[in-house]
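Peer 1: With the sequence up front, the predicted model follows.
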Amino acid sequence: MNSFEALRDPKLCKDVLAKIEEAMQGQTLRFMEVCGTHTVALFRSGVHSLLPKSVVHLTGPGCPVCVTHESEVAAYLELAARSDVIIATFGDLMRVPGPGGASLKKAQAEGARIEVVYSPFDALAVAQANPGDKVVFLGIGFETTAPTVAATVRQAKALGIANFFVMPFHKLVPPALDALLSDPAMAIEGFMLPGHVSAMIGLTPYRPLAEKYGIPSVVAGFEPLDLLQAILLMAEMKRQGKPRVVNNYKRVVADEGNPKALSILYEVYKPGDALWRGIGMIPGSGLTVSDAYRKHDAFEALNVTLKESKPLPGCRCGEVLKGIMPPNQCPLFNTACTPATPVGPCMVSTEGSCAAYHKYQLDLSPGH
Amino acid sequence: MGNKLLLDQGSGGLASHRLVNDLFFRHLGNSILARMDDAALIRPKGPLAVSTDSFTVDPIFFPGGDIGSLAVHGTVNDVAMLGAKPLYLTCGFILEEGLDMDDLERIVASMGQAAKKAGVKVVAGDTKVVPRGAADRIFINTTGIGQVVAKTPPSGHRARPGDAVIVSGSLGDHGLTVLSSRQGLSFEAPVKSDCASLNHLTLKLIKALPSVHVLRDPTRGGLATTLNEIAQQSRVGITLEEPSIPVKPVVASGCEILGLDPLYLANEGKIICVLPEKDAAKALTIMRRDPLGRDARVIGMVSNENPGKVVMRTGLGGRRLLGMLEGEQLPRIC
């Protein structure tokens, strides 16, 4: 058995499951993952359905599409409606509902020019192919995606591609965790930390979880054994009363992160405030374009402003994202809010917590 | 630069006649088509299976096939899934002005070869040339007519508890191939469409095993969507064993990179066969003897549990829903 197969080996996984049961010692613990890929991996592998009842595993704000604020959606839709603008975006964003149910899909049907790209560099090619138009790349994503977008902006400047712009709607994970934990309603006893984001930022930004809030956290990979080991480590740290930040994904994540990627990131961007759907403004949790690259900043160059927009009526995404309410207990879940008619963004992206529940969860009765 | 198609060639005048005679007849001709009357005269026997499909695939050429061979295979397979022997095809072409004539020739030649291999005759056809921009190079519609051979034709409504679910080979090949050639992506190993006519294989199955309840080809929406349709039509539950489902490593890893699920990707040369479990071994033997069914496997069972739903038992023994998708799969951000 190679190491990859070992990470999916049913027997090894069963052993860890038994150890989790033992470590729980009859108490109930509430853990949360804050990475959409973890959300999907937990469901797809069946790990979610195999966890002991005493482990309540919740899904936090781990999908960058899900936390894109209504005002941000309204802003890019306003740009999409301009005749001299081509929007370049990752596919996830196409169905995200904005105010009044508008979306990029609908804008496209109404004639807006939208290019779905797989890499921000593809957007650069679109800009070169359409010199008479303004190509706006929607910079959505956490620390994982932001360095690549930053590298694209840097290249646009170097090549003098003046018609390429970025809308910086990136979000940063550690400030969001901090904001979540400062809400007294939040009752999370351990965080499964994102593998990809951590590969960029390393462990240091998470230290306050243990030091300030006394909460154990584990950087985890995406294979079944990775997920189970992370849960076991959180349960053991909880039992021993010794919260730490543990890197259990060393095959990908270096403790110090990726300094090269971060240096590109902070050459092009600087920290700023950001709006999170369902949560609101979190200081220092976003990125704005630094002065040296302002000519490529869509806000600045194309005169875009974020306008206040009313929260979606009845939407409880905020509580779902904070782990206060499981998706299937939201009154709109599977009634008004379905993948066909998403009310909140948690239902839109395949990695959204509600969409994952809708897609994978067999038993939707309360308590599951 | 090669010759380009002109609007005149769809005018009905001499230019049209030349196009039909020089190109279409050369590759698709037969005695019925050659009569050139307003309609084809055919004399089929017994109950008939009829299916129609339009093909707009982009790119028009992809590893393993092209829009022409796909237009034959797709309709032949739909007819075959009813337990029928496909006999005739009609073809309607909508061509964009400026289409490269060499491309058109390649496509029509490929249709001719595919039809010959499948044993079907093109008995009627139509060609329209539309102004540049009114179509994307070439659209093809084909209608297939077949003679139903099965005594009780297989149908999505006939899955019964206790039936085994068999798939004839690896899943997602066509969908990933088309998507990656459209986007100019390449993976560590080449991917290739499975595009093929399945009628000879289905006929062998039907003749040897009248007990076949369902035959479907999991095209758009893939295995997951087709099985959900069967579960709903037959009001039964289907439980799949994830480790048994054949997906090529290159397709699995390509999908992982793009955030796609191979079980929702289109196949153009695969059969889903549902039949009583006692006959499953025989069905596997028949399939595996044919190159198109070499990797056939039992992937799950039909039961009374969770009617209308498809449940996946994972390698770890966990369970999850395998539902229908809302729309096309969207590549994800991270």
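Peer 2: Nice, I can see it.
Peer 1: So the residue of chain A positioned farthest from its centre versus residue A:78, what's the distance?
Peer 2: Outermost residue of chain A with respect to the C-alpha centroid, by C-alpha atoms, centre = their mean, is residue A:132; its distance is 33.9 Å. Distance from residue A:132 to residue A:78, counting by C-beta to C-beta, to the nearest Å: 21 Å. C-betas here are computed from N, CA, C, even on glycine.
Peer 1: just to revisit the earlier point, next up, the contacts around the residue farthest from the centre of chain A.
Peer 2: A:84, A:163 (C-beta atoms under 8 Å, 6 or more residues apart in numbering or on different chains).
Peer 1: Please, which helix or strand holds it?
Peer 2: Secondary-structure element containing residue A:132, defined by DSSP states H and E: none, the residue being outside all helices and strands.
Peer 1: That one and chain B, how far apart?
Peer 2: With distances taken as C-beta to the nearest C-beta, to the nearest Å, residue A:132 is found 19 Å from chain B.
Peer 1: Next one, pLDDT for that residue please.
Peer 2: The predicted local distance difference test score for residue A:132 is 96.
Peer 1: Buried residues, stretch B:8-23. List them.
Peer 2: Taking 16 or more other C-beta atoms under 10 Å in any protein chain shown as the neighbour-count basis, stretch B:8-23 is seen to contain the buried residues B:9, B:10, B:16, B:19, B:20, B:23.
Peer 1: now that stretch, how far from the centre of its chain.
Peer 2: A distance of 30 Å separates the C-alpha centroid of stretch B:8-23 from that of its chain, computed with C-alpha atoms, centre = their mean, to the nearest Å.
Peer 1: would you put the C-alpha positions of that stretch in PDB?
Peer 2: Included here for stretch B:8-23 are C-alpha records, laid out as PDB according to Å, rounded to 0.1, in the frame of the first residue of the first chain:
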ATOM      1  CA  ASP B   8     -24.800  29.900 -52.200                       C
ATOM      2  CA  GLN B   9     -24.100  26.300 -51.300                       C
ATOM      3  CA  GLY B  10     -27.300  26.300 -49.200                       C
ATOM      4  CA  SER B  11     -29.400  28.100 -51.800                       C
ATOM      5  CA  GLY B  12     -31.000  25.000 -53.300                       C
ATOM      6  CA  GLY B  13     -29.400  25.900 -56.700                       C
ATOM      7  CA  LEU B  14     -26.600  24.300 -58.500                       C
ATOM      8  CA  ALA B  15     -24.000  25.100 -55.800                       C
ATOM      9  CA  SER B  16     -26.200  23.200 -53.300                       C
ATOM     10  CA  HIS B  17     -26.500  20.300 -55.700                       C
ATOM     11  CA  ARG B  18     -22.700  20.100 -56.100                       C
ATOM     12  CA  LEU B  19     -22.200  20.200 -52.300                       C
ATOM     13  CA  VAL B  20     -24.700  17.300 -51.900                       C
ATOM     14  CA  ASN B  21     -23.400  15.300 -54.800                       C
ATOM     15  CA  ASP B  22     -19.700  15.800 -54.300                       C
ATOM     16  CA  LEU B  23     -19.500  15.600 -50.500                       C
END
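Peer 1: What separation is there between residue B:323 and residue B:301?
Peer 2: Residue B:323 sits 19 Å away from residue B:301, taking C-beta to C-beta as the criterion.
Peer 1: One more: residue A:180?
Peer 2: Using C-beta to C-beta, residue A:180 is found at 44 Å from residue B:301.
Peer 1: can you check residue A:187 too?
Peer 2: Residue A:187 sits 42 Å away from residue B:301, taking C-beta to C-beta as the criterion.
Peer 1: With neighbour numbers in mind, choose between those two.
Peer 2: Under the criterion of other C-beta atoms under 10 Å in any protein chain shown, the comparison of residue A:187 against residue B:301 puts residue B:301 first, with 20 against 13.
Peer 1: circling back to that earlier point, tell me, which of the buried residues of stretch B:8-23 make contact with chain A?
Peer 2: Among the buried residues of stretch B:8-23, no residue lies close to chain A (C-beta under 8 Å from any C-beta of the partner chain).
Peer 1: Flag whichever of those scores worst on pLDDT.
Peer 2: Among those, residue B:10 carries the lowest pLDDT, at 83.
Peer 1: which one is that residue nearest to, not counting chain neighbours?
Peer 2: Closest residue in space to residue B:10, ignoring its immediate chain neighbours: residue B:129 at 2.8 Å, by C-beta to C-beta, 6 or more residues apart in numbering or on different chains.
Peer 1: list the contacts for residue B:250?
Peer 2: The contact partners of residue B:250, by C-beta under 8 Å, 6+ apart, come to B:187, B:188, B:189, B:190, B:191.
Peer 1: repeat that with 6 Å
Peer 2: Applying C-beta atoms under 6 Å, 6 or more residues apart in numbering or on different chains, we find residue B:250 in contact with B:187, B:189, B:191.
Peer 1: of those, list those near chain A.
Peer 2: Contacts with chain A within the contacts of residue B:250, counted by C-beta under 6 Å from any C-beta of the partner chain: none were found.
Peer 1: ok, of those residues, which come out buried?
Peer 2: The neighbour count (16+ other C-beta under 10 Å) marks residue B:191 as buried among the contacts of residue B:250.
Peer 1: Secondary structure, pLDDT and distance to residue A:109 added to the contacts of residue B:250, as CSV?
Peer 2: Listed next are the contacts of residue B:250 as CSV, based on DSSP: H, G, I helix; E, B strand; the rest coil; pLDDT from 0 to 100; distance: C-beta to C-beta, whole Å:
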residue, secondary structure, pLDDT, distance to residue A:109
B:187, coil, 76, 32
B:189, coil, 75, 37
B:191, coil, 92, 31
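Peer 1: any idea which of the contacts of residue B:250 is closest to chain A?
Peer 2: Lowest distance from chain A to the contacts of residue B:250 (C-beta to the nearest C-beta) belongs to residue B:187, with 12.9 Å.
Peer 1: Give me the nearest residue to the closest one, chain neighbours excluded.
Peer 2: Distances taken as C-beta to C-beta, 6+ apart put residue B:254 closest to residue B:187, at 4.6 Å, once the chain neighbours are dropped.
Peer 1: hang on, the one you found is in a helix, isn't it?
Peer 2: Yes: inclusion of residue B:254 in a helix is indicated when DSSP: H, G, I helix; E, B strand; the rest coil is applied.
Peer 1: which element is residue B:95 on?
Peer 2: Under the assignment given by DSSP H and E, the secondary-structure element containing residue B:95 is strand B:84-96.
Peer 1: Contact residues of the stretch 51-200 of chain B facing chain A?
Peer 2: Proximity of the stretch 51-200 of chain B to chain A is assessed by C-beta under 6 Å from any C-beta, with no residue identified as in range.
Peer 1: Distance check, the residue nearest to residue B:10 against residue B:16.
Peer 2: With the distance defined as C-beta to C-beta, residue B:129 ends up 8 Å from residue B:16.
Peer 1: ok, now residue B:56?
Peer 2: Using C-beta to C-beta, which is the criterion applied here, residue B:56 is 23 Å from residue B:16.
Peer 1: Each with direction, which strands does the helix or strand containing residue A:137 pair with?
Peer 2: Counting by DSSP H and E, the secondary-structure element that holds residue A:137 is strand A:134-139. Based on DSSP bridges, the strands next to strand A:134-139 in the sheet, each with its direction, are strand A:85-89 (parallel), strand A:164-168 (parallel).
Peer 1: so what's residue A:297 up against?
Peer 2: For residue A:297, the contacting residues are residue A:289, by C-beta under 6 Å, 6+ apart.
Peer 1: and chain B, what are its domains?
Peer 2: Residue ranges for the structural domains of chain B, counted by automatic domain parsing, are given in the record as B:7-148, B:163-321.
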